[in-house]
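In: Pasting a predicted model and its sequence here:
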Amino acid sequence: MHKRILLIQGHPDAAQGHLCHALAAAYGAGAAKAGHDVRQTQVAALDFPILRSQDEWERGPLPPGLQQAQEDIRWAQHMVFFFPLWLGDMPALLKGFLEQVARPGFAFPDDRMHPLAKKGLSGRSARVVVTMGMPALLYRWYFRAHSIKSLKRNILGFVGVAPVRDTLIGMVGDPERQAVDKWVGALEAMGRSAA
């Protein structure tokens, strides 16, 4: 089935030489080959301030540099987030991006009495692709993938995105070419099936 897919590159370094960029390119290529419509958002290339108050989040204007990102999220049926694990969590720039775009009136109703009555991004699914230096199994089982669970439940699930699946890729500090090719191939296959 044909889908509208938004790739959200959350690596905070705008240089394109990182594994996260190769994985996103592979997913996008697979999706395009299968006939899906693909758009991309490069968070590191966007200009936006960090929110500093609840009032700013609730009543402040969306920064002009994020208007297209919100339109792309509204357009998407499936979103794929790519980022490296930094200090056990997503990079601060990606968190700041999500705080800015997931505002009342967009991600959920601007209704203080019933803020959970309707989730503004229902009907969308997502995949979270995370690279890390430690073994992925160690992060998933020993550390319980706490930051990924938080992203899935407290951010994406809160605004109605479901299901949210994850792909954890560990030991990326100095990967062998064979491992990189395997990961790239896996992401291209996911892109073809829009999974």
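Out: That came in fine, so what should we check first?

In: What ranges does this structure have for its strands?
Out: Along the chain, the stretches classed as strands by DSSP state E are 4-9, 37-42, 78-84, 125-131, 164-169.

In: Next, format these as TSV and append mean neighbour count and distance to V101.
Out: All C-beta atoms are positioned from the backbone trio N, CA, C, and that covers glycine. Formatted as TSV, the strands of the chain follow (neighbours: other CB atoms under 10 Å; distance: least, CB to CB, whole Å):
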stretch	mean neighbour count	distance to V101
strand 4-9	23	10
strand 37-42	18	9
strand 78-84	24	11
strand 125-131	23	14
strand 164-169	18	16
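
In: And those strands: which comes nearest Q68?
Out: Among the strands of the chain, the nearest to Q68 by CB to CB is strand 37-42 (7.9 Å).

In: Point out the other helices and strands that the closest one packs with.
Out: Helices and strands touching strand 37-42, by 3 or more CB pairs under 8 Å, 6 or more residues apart in numbering; DSSP states H and E, are strand 4-9, helix 19-33, helix 67-75.

In: Highest mean neighbour count out of the ones you listed?
Out: Mean neighbour count, computed with mean count of other CB atoms under 10 Å, is highest for strand 4-9 among the helices and strands packed on strand 37-42, reaching a mean of 23.

In: In the chain, which helix is the longest?
Out: helix 177-193 (DSSP state H).

In: by contact count, what packs against it?
Out: Under the contact criterion of 3+ CB pairs under 8 Å, 6+ apart, helix 177-193 touches helix 19-33, strand 164-169.

In: Pick out the residue nearest the middle of this structure.
Out: F81 (2.4 Å; CA atoms, centre = their mean).

In: I figured it hits V129, correct?
Out: Yes - with contact defined as CB atoms under 8 Å, F81 counts as touching V129 (6.7 Å).

In: May I see the strands of the chain arranged in CSV, with distance to A194 as well?
Out: As requested, the strands of the chain are exported to CSV (distance: least, CB to CB, whole Å):
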stretch, distance to A194
strand 4-9, 6
strand 37-42, 10
strand 78-84, 5
strand 125-131, 9
strand 164-169, 11
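
In: Low-confidence regions, this structure specifically.
Out: The model of the chain has pLDDT under 70 over residues 111-117.

In: now do 50
Out: For the chain, applying pLDDT under 50 flags no range at all.

In: who touches the residue nearest to F143 when sequence neighbours are not counted in this structure?
Out: Nearest non-adjacent residue to F143, counting by CB to CB, 6 or more residues apart in numbering: G88, 7.0 Å away. For G88, the contact set (CB atoms under 8 Å, 6 or more residues apart in numbering) comprises F143, H146, S147.

In: Now do G157 against L151, distance only.
Out: 9 Å (CB to CB, to the nearest Å).
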